[in-house]
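Enquirer: heads up, no residue letters with this:
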Ligand code: ADP
């Protein structure tokens, strides 16, 4: 053992302590994954070295073959992993093995419930990584040296996983990282060649560099121990370069866990090789679960980029649009240069055509998932539906395709789950219906009971119910689907087209004519509060309703603008009344102009309340209502 200098003891960041605790207590049923995680890190470290060595060949330090070695000592109860990758400096070890840099981690940790079953799912979203070593080890030692640093600048990191770690500077002749796991009592089964080989075959066969184990050989008679020979136990070729037919599902799944740092299997994947003007391979995955930081601007996103099999960068963002930021995967190009940078990627026309091809692949993959595995797609939609809704605004070219992937709550489905596709809606539309009707609002309960739906209920016409914050904005980018236009049922003068019979139309006209006088009286009473007053065709039970002008902003958009501190353009609603309602009949017969005015205002305010809007002058509403109540009780 080399001499240790500058030894100190440091505490883990709080989040690391929490993660460690959680990991040790919730992953015990699948302990063997520690090896997969550590091999995955070693492989990343080798990728990084390979890439940095492109511009600094001296980092290879004479250039032994890049590989990972796993060995064990039955007596000492240790398992050791060694790689000759990029390695860590002392500072690297302190930050990378003592803190979690991911933004939002602290918030994520606050959400842990203490219920181990639930939390182990959460940990899946997070990725387990290096700390999984503590599932099987009660002491972990890391010996490392960053490529390019002097042999005297090695680092020794050691921890029992209980809140602190020791760090010291050591001599380390070879660059790279050696991790020694001191197995907990009861975990010595892992100090076994056969067991380790099986775990490696199971989880890490896809790792593109050789993983070696000591060859099992019997000691010759009289000899103490045979000389150590190593043997490669994995396939050691880049998975995406292999023909699709030769790759098993399990291999795709394990590869996903490696690149996505995910703990769960993906929902679906798409593996393709493109030849012709451009040459590249891509392997794209849809995760099963949304990461906790899906909506954080600075959260990592993008694909792993390789150029001719050489790893070039993580999180290459230029290959997919933002609304597909949850997609994980690899793209390996034969056309790009090895020294490509993020800045170049942003401008390169090659990237543009790759981006549109990859986007299409993802959308095709999602279409297939929706068609073949509707239950899985439901899960997908729950996790990523909100992000997909950003699509039509960002990706004009694929608007129709994205619209086909959207799922909505509807008046025809109980419970408000978003499960109805536009194709399904149209397939069961009423005869003669050439529009897609929808209503937006704050909550499902509010839209479900909205007076705007009365006529639709009466006629049995399905209406899509949109209550996500993003919905009104989304709909402003969608004008039609499959040649049928979208109609907001709370907007403008509702025209049901062929869904109203000639008789109904005629009758409506007659009523409108007969009520012209009442319309004028209400207009005078409400004055500046409304843009228009008219007889409604959409009401059966309620006395009145407020409709939004054809060009005006809806409530959601107004709220979004207000919240972002922008000026909201002034707009006045249209007051529609139901002439058959007893209250309106009463209003029509009202002689006192004062009472007529009060009643009109009360109806107006009630219509606003029913639409989930707030009142401009709530005190006036209460005053008017109380006045009527007093009159009633005398
Ligand atoms: P993640 O791999 O998700 O970043 P980990 O907890 O597994 O998280 O690892 C933390 C960091 O420690 C890695 O990002 C890397 O910088 C460093 N690291 C881990 N293992 C190695 C290794 N074998 N060689 C070099 N660096 C490593």
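Expert: On my side now, so go ahead. Since the structure is predicted, the reported quantities are computational estimates derived from the model, not experimental observations.
Enquirer: buried ones in the helix or strand harbouring residue 380?
Expert: For residue 380, the host element (DSSP states H and E) is helix 374-388. For helix 374-388, burial by neighbour count (16 or more other CB atoms under 10 Å) applies to 377-378, 380-381, 383-388. For every residue, glycine as well, the C-beta is placed using N, CA and C.
Enquirer: And stretch 513-531, how far out from the chain middle?
Expert: Relative to its chain's centre, stretch 513-531 lies at 49 Å (CA atoms, centre = their mean, to the nearest Å).
Enquirer: With stretch 200-212 instead?
Expert: On CA atoms, centre = their mean, the centre of stretch 200-212 falls 29 Å from the chain's centre.
Enquirer: And for it, what's in contact with it?
Expert: With contact meaning CB atoms under 8 Å, 6 or more residues apart in numbering, stretch 200-212 is reached by 32-33, 35-36, 39-40, 43, 46, 65-70, 213, 230-239, 250-251, 254-255, 257-258, 309.
Enquirer: and it, is it in reach of the ligand?
Expert: No - interface with the ligand: stretch 200-212 contributes nothing (CB under 6 Å from any ligand atom), its closest point being 12.4 Å away.
Enquirer: And that stretch, end to end?
Expert: 10 Å (CA to CA, to the nearest Å).
Enquirer: and that stretch, average pLDDT?
Expert: Mean per-residue pLDDT for stretch 200-212: 93.
Enquirer: what's the answer for stretch 336-349, then?
Expert: Mean predicted lDDT for stretch 336-349 stands at 85.
Enquirer: Please tell me how far the residue in the stretch 501-634 of the chain that the ligand sits nearest to sits from residue 293.
Expert: Closest approach of the stretch 501-634 of the chain to the ligand (CB to the nearest ligand atom) occurs at residue 564, with a separation of 33.9 Å. When distance is defined by CB to CB, to the nearest Å, residue 564 is 22 Å away from residue 293.
Enquirer: who has more neighbours, the two?
Expert: Set residue 564 next to residue 293 and count neighbours by other CB atoms under 10 Å: residue 293 wins out with 19 against 7.
Enquirer: residues touching the residue nearest to the more buried one when sequence neighbours are not counted, list them.
Expert: Nearest residue to residue 293 in three dimensions, chain neighbours excluded: residue 299, at 3.7 Å (CB to CB, 6 or more residues apart in numbering). Residues in contact with residue 299 (CB under 8 Å, 6+ apart) are 103-104, 291, 293, 325.
Enquirer: Residue 464 too?
Expert: 408-410, 420, 425, 436-439.
Enquirer: So which of those sit within strands?
Expert: 409-410, 436-439 (DSSP state E).
Enquirer: just these now: which is nearest the ligand?
Expert: residue 409 (36.6 Å).
Enquirer: what about that closest one, neighbour count?
Expert: So residue 409, with other CB under 10 Å, has 22 neighbours.
Enquirer: residues from the stretch 151-300 of the chain in reach of the ligand?
Expert: Counting by CB under 6 Å from any ligand atom, the residues of the stretch 151-300 of the chain near the ligand are 177, 261.
Enquirer: quick one, what contacts the residue in the stretch 151-300 of the chain that the ligand sits nearest to?
Expert: Nearest to the ligand, among the residues of the stretch 151-300 of the chain, is residue 177, at 3.8 Å (CB to the nearest ligand atom). Residue 177 is in contact with 42, 45, 81-83, 85, 87-88, 142-144, counting by CB under 8 Å, 6+ apart.
Enquirer: do that again at 10 Å, thanks
Expert: Going by CB atoms under 10 Å, 6 or more residues apart in numbering, residue 177 touches 38, 41-42, 45, 68, 81-88, 93, 142-146, 155, 157.
Enquirer: Quick check: it vs residue 4, distance?
Expert: Taking CB to CB, one finds residue 177 at 17 Å from residue 4.
Enquirer: Equivalent analysis for residue 366, please.
Expert: Residue 366 is 54 Å from residue 4, by CB to CB.
Enquirer: Over to residue 212?
Expert: 29 Å.
Enquirer: what about these two, which has more around it?
Expert: Counting neighbours by other CB under 10 Å for residue 212 and for residue 4 shows that residue 212 has the greater number, 21 against 15.
Enquirer: that's a helix at the more buried one, yeah?
Expert: No - judged by DSSP: H, G, I helix; E, B strand; the rest coil, residue 212 forms no part of a helix; its state is strand.
Enquirer: Leaving out sequence neighbours, find the closest residue to it.
Expert: Closest to residue 212 by CB to CB, 6+ apart is residue 230, at 4.1 Å.
Enquirer: since we're on the one you found, how many residues are nearby?
Expert: 14.
Enquirer: which bits of the chain sit near the ligand?
Expert: Counting by CB under 6 Å from any ligand atom, the chain sits next to the ligand at 41-42, 45, 83, 85-88, 96-97, 127, 129-131, 177, 261.
Enquirer: where's the dip in pLDDT among those residues?
Expert: Confidence-wise, residue 127 trails the rest of the residues of the chain next to the ligand, at 66.
Enquirer: thought residue 593 was touching residue 525?
Expert: Yes - Residue 593 is in contact with residue 525 according to CB atoms under 10 Å; the separation is 7.9 Å.
Enquirer: now stretch 545-557: how far from the chain's centre is it?
Expert: 30 Å.
Enquirer: try stretch 530-542
Expert: 41 Å.
Enquirer: Out of the contacts of residue 177, name the ones that lie in helices.
Expert: Judged by DSSP state H, the subset of the contacts of residue 177 located in helices is 38, 41-42, 45, 93.
Enquirer: who wins for neighbours among those residues?
Expert: Top of the ones in helices among the contacts of residue 177 by neighbour number is residue 42, holding 27 neighbours under the definition other CB under 10 Å.
Enquirer: Who's the closest spatial neighbour of that residue, skipping the chain neighbours?
Expert: Per CB to CB, 6+ apart, closest to residue 42 is residue 83, 3.7 Å.
Enquirer: wouldn't residue 404 be in contact with residue 366 here?
Expert: Yes - using CB under 10 Å, residue 404 is in contact with residue 366, at 9.4 Å.
Enquirer: of the ones in helices among the contacts of residue 177, closest to residue 548?
Expert: residue 41 (55.0 Å; CB to CB).
Enquirer: one step back: with neighbour numbers in mind, choose between residue 404 and residue 366.
Expert: Counted by other CB under 10 Å, residue 404 and residue 366 do not tie: residue 366 has more neighbours, with 25 against 17.
Enquirer: just to confirm, which helix or strand has that one in it?
Expert: Going by DSSP H and E, residue 366 is part of helix 349-372.
Enquirer: how many neighbours does residue 534 have?
Expert: Count around residue 534 with other CB under 10 Å applied: 18.
Enquirer: Report the secondary structure state of it.
Expert: Per three-state DSSP, residue 534 ends up strand.
Enquirer: Now the phi/psi pair for the residue nearest to it when sequence neighbours are not counted, please.
Expert: Excluding its sequence neighbours, the residue lying closest to residue 534 (CB to CB, 6+ apart) is residue 576, at 5.6 Å. Backbone torsions for residue 576, taken as degrees, to the nearest 10, come to phi -110, psi 140.
Enquirer: Number the residues from 35 up from this point.
Expert: Right, with 35 as the first residue, what we last looked at is residue 610.
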